[in-house]
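K.L.:
Below are the sequence and a predicted model; questions follow.
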Amino acid sequence: MIELPSENDTERLAKVLALSLPPGSLLLLRGPLGAGKTTLVRHLARALGFNGRVTSPTYTLMHTYPTPRGDLLHVDVYRLPKPADVYDLGFEDARESAYLTAVEWGDPADFPGALELVLQPSGENSRRVELLAHDPNLQSVVAQIVGA
């Protein structure tokens, strides 16, 4: 469990993720409403070099943010009857060309091989995050981040 007492700490975590994750990585962002899922994606986009506006894709389901390293695909499956329904909306094609993909509300059963980040609010602008690697290749990334 990593403590993120401020938004600056969330920004630092996003930078570490942006530098540590291999291209094509899939992040699952889980946690209650207001836990900081979209905030983490905003900082991840900035760390990858995107300077535009980052918003929740709750109603559009998918946003793509172009970065110098490649696209950041931001997906929200909250409103879908089943999270796996996103595959019917062109998710695989969009993900194939993405440098990184972040899925809010995704379940590891529907998105194998992901790095899962479980966010929990722990005070005003403060949160805790647990990192769970569902791909053996990402376990070293988790160890590096948790040990930092």
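P.N.:
Perfect, I can see it now. On a predicted model such as this, the values are computed, not experimentally measured, just so you know.

K.L.:
Which helix runs longest in this protein?
P.N.:
Secondary structure of the chain per DSSP state H: the longest helix is helix 7-20.

K.L.:
hmm, who's touching that one?
P.N.:
Outside of helix 7-20, the residues within contact range by CB atoms under 8 Å, 6 or more residues apart in numbering are 2-4, 27, 36, 39-40, 43-44, 46-48, 100, 125, 127, 129, 141, 144-145, 148. In this view, the C-beta of every residue, glycine as well, is placed from N, C-alpha and C.

K.L.:
Quick check: mean pLDDT of it?
P.N.:
For helix 7-20, mean pLDDT rounds to 92.

K.L.:
From the contacts of helix 7-20, which land in helices?
P.N.:
39-40, 43-44, 46-47, 141, 144-145.

K.L.:
Between those residues, which sits nearest residue 89?
P.N.:
Distance to residue 89 across these (CB to CB) is lowest for residue 44, with 21.8 Å.

K.L.:
Local confidence estimate at the closest one?
P.N.:
Here the pLDDT value assigned to residue 44 is 96.

K.L.:
quick one on the thing from earlier: tell me the buried residues within the contacts of helix 7-20.
P.N.:
When the contacts of helix 7-20 are checked for burial by 16 or more other CB atoms under 10 Å, the buried set is 2, 4, 27, 36, 39-40, 43-44, 46-48, 100, 127, 129, 141, 145.

K.L.:
just the strands in the chain please.
P.N.:
2-4, 25-30, 62-65, 71-76, 98-104, 115-123, 126-133 (DSSP state E).
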